[in-house]
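1. quick one: sequence and predicted model below, then my questions.
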Amino acid sequence: MIDVLDSTLREGEQTPGVYFDKHIKLAVAKLLDKIGIKIIETGHPAVTAEIYEAVYTIAHSNLKSIIGAHSRSHQKDVDTALECHVDFLGIFYCVSDERLDSVFKKDLSTAIDQITRIVDYVKRKKPDMLVRYTPEDTVRTQFENVVEAASAAVEAGADIISVADTTGYMVPGTKRSMYDYIARLKDSLSRRNQDPRIAVHCHNDRGFALANALDSVRAGAEIVDASVLGLGERAGIVDLGQLLVNLAEEYGMDRWNLDLLPDLYEFVSEHAGVPIPVNHPVTGKNAFTHCAGVHTHAAAINPMHYESLSPEIIGRERGFSLDHMSGIASLRYALKLLGIEELESDTLAFVIDDIKRVGQRGKTVSLEELRHIIDFYAHLGTDEN
């Protein structure tokens, strides 16, 4: 069973310039809940009073999703999160030799003591809390350090170990493969008779976040972090819409109300101030729009000639763009949508010429504008008579 953790309200706010007002956070959480997201990471309540209030309110909103918070491995942060009555708590602590030496000024054993004390503290305070431990920058940390810290965290009560590709370092099909890493980690923990759920948090610095996440799933990871529009630090993380559609289509996981994705993306885009790229897979304006004449001709006959996904999966409709790339097939399809049976051949040629001229100015012709173009030539023909 693969579960998705949405981090739009936590990781997403680490996008420069992005902050969601508390009432917007609640609205986003409700949309994610309707879609069927298993875990919603709502923020780090120790950061500001408003984040605390938002996390608290969402946790008390009777949503079906598991509501989670983020916390450093400090008791004060944990107490603040516990006050919010969340049911999931993600704690993190980097155990790389470099970070331990230069930042924390601790050895591995001392760091592990701190991690296990915090995990044990949470479990004693709230035994049914889902606790995730993340060795930050997992994949660039000495593997033996990760195994020791993860194993100790599990022994202390952690339910989930998250593998964080914090800098988007991993590349599919190379010696830095997430598939190999997850398989190796699971095997190492299994040898210690430990079987925690494995989560992955993949950053997109090299453009491989989704590929790395799916590689992780193949290797046995059970939870994948994502966010709307892939919002997050630097180049962000896995895009939620792309992840859900691929899990549904390729892994047969028909568990989500994907037709709500367009509403979610428009809402988050508006309040984050981050436009949805027109060529964004799945949710971009052009994701299901055909342009070139040969494409529209074939797609009008059978969309699968030039589609590997059907727009209906997220409640959208395919479109056919009219611009400088359009041909007769595109025009005839548009006429059909307007309820116009056919135009005389001369008029058809004039209309195509006008469409191409508009397209060469970097614009597209909408159905409404097409009707006006046709109307112009109808009047022109009347005047000539």
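-> Structure received. Values in this document were obtained by computation on a predicted structure and should not be read as measured data. Numbers count the residues shown, from 1 in each chain.
2. please identify the buried residues of stretch 345-364?
-> For stretch 345-364, the neighbour count (16 or more other Cβ atoms under 10 Å) marks 347-348, 350-352, 354-356, 358-359, 364 as buried. C-betas here are computed from N, CA, C, even on glycine.
3. ok, now stretch 212-219?
-> Across stretch 212-219, burial judged by 16+ other Cβ under 10 Å covers 212-217, 219.
4. before we move on, what about stretch 157-173?
-> Within stretch 157-173, the residues that count as buried by 16+ other Cβ under 10 Å are 157-166, 168-170.
5. same question for stretch 97-104.
-> Residues of stretch 97-104 classed as buried by neighbour count (16+ other Cβ under 10 Å): 99-100.
6. quick one: mean pLDDT over it.
-> Confidence over stretch 97-104, taken as the mean pLDDT, stands at 94.
7. so the chain: which segments form each domain?
-> Each structural domain of the chain that the record assigns through automatic domain parsing is listed here as a residue range: 3-272, 289-384.
8. and the end-to-end length of the first one?
-> Using Cα to Cα, to the nearest Å, the span of domain 3-272 from its first residue to its last is 25 Å.
9. which parts of the stretch 151-300 of the chain are strands?
-> 160-165, 197-202, 223-226, 289-290 (DSSP state E, counting those that start in this stretch).
10. of those, which approaches A153 most closely?
-> With respect to A153, and counting by Cβ to Cβ, the nearest of those is strand 160-165 at 6.8 Å.
11. hmm, who's touching the closest one?
-> When contacts are defined by Cβ atoms under 8 Å, 6 or more residues apart in numbering, strand 160-165 is touched by residues 90, 92, 130-139, 150, 153-154, 178, 181-182, 185, 189, 196-203, 209, 212, 216, 221, 223, 225.
12. kindly export stretch 106-117 (C-alpha atoms) in PDB.
-> The C-alpha coordinates for stretch 106-117 follow below in PDB (Å, rounded to 0.1, in the frame of the first residue of the first chain):
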ATOM      1  CA  LYS A 106      28.600  16.200  18.500                       C
ATOM      2  CA  ASP A 107      29.600  12.600  17.800                       C
ATOM      3  CA  LEU A 108      27.200  10.100  16.300                       C
ATOM      4  CA  SER A 109      26.500   8.400  19.600                       C
ATOM      5  CA  THR A 110      25.500  11.700  21.300                       C
ATOM      6  CA  ALA A 111      23.300  12.600  18.300                       C
ATOM      7  CA  ILE A 112      21.500   9.200  18.400                       C
ATOM      8  CA  ASP A 113      20.900   9.600  22.100                       C
ATOM      9  CA  GLN A 114      19.100  12.900  21.400                       C
ATOM     10  CA  ILE A 115      17.100  11.400  18.600                       C
ATOM     11  CA  THR A 116      16.000   8.400  20.600                       C
ATOM     12  CA  ARG A 117      15.100  10.500  23.700                       C
END
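13. buried sites along it?
-> Of all the residues in stretch 106-117, those buried under the rule 16+ other Cβ under 10 Å are 106, 108, 111-112, 115-116.
14. ok, and what's touching it?
-> So stretch 106-117 is in contact with 73, 91, 93, 95, 97, 100, 104, 133, 145, 148-149, 152-153, 155-156, going by Cβ under 8 Å, 6+ apart.
15. repeat that for stretch 67-79.
-> Under the criterion Cβ under 8 Å, 6+ apart, residues 5, 10, 29, 39-46, 55, 58-59, 80-81, 84, 86-93, 114-115, 118, 121-122, 125, 130 lie in contact with stretch 67-79.
16. confirm L89 sits in a strand?
-> Yes: checked against DSSP: H, G, I helix; E, B strand; the rest coil, L89 lies within a strand.
17. any idea how far it lies from D187?
-> Computed as Cβ to Cβ, to the nearest Å, the L89 to D187 distance reads 27 Å.
18. looking at those two, which has the bigger crowd around it?
-> Set side by side, L89 and D187 show unequal neighbour counts under other Cβ atoms under 10 Å, the larger going to L89 at 26 against 10.
19. near A329, how many other residues are there?
-> Residue neighbour count, defined by other Cβ under 10 Å, stands at 19 for A329.
20. pLDDT wise, what is I301 at?
-> The model reports I301 with a pLDDT of 58.
21. I'd guessed Y265 sits against V274; true?
-> No: with contacts defined as Cβ atoms under 8 Å, Y265 does not count as touching V274, sitting 10.2 Å away.
22. ok, the two, which is more surrounded?
-> In terms of neighbours (other Cβ under 10 Å), Y265 is the more surrounded of Y265 and V274; the figures are 22 against 18.
23. what sits against the closest residue to that one other than its chain neighbours?
-> Ranked by Cβ to Cβ, 6 or more residues apart in numbering and with sequence neighbours excluded, the top spatial neighbour of Y265 is T283, at 4.5 Å. Contacts of T283 were listed using Cβ under 8 Å, 6+ apart, and they are 241, 261-262, 265, 276, 314.
24. how close does T283 get to R316?
-> If you measure T283 against R316 using Cβ to Cβ, the figure is 9 Å.
25. which neighbours do those two share?
-> With contacts defined as Cβ under 8 Å, 6+ apart, the residues adjacent to both T283 and R316 are P262.
26. narrow the contacts of strand 160-165 to those in helices?
-> Secondary structure assignment by DSSP state H places 150, 153-154, 178, 181-182, 185, 189, 209, 212, 216 of the contacts of strand 160-165 in helices.
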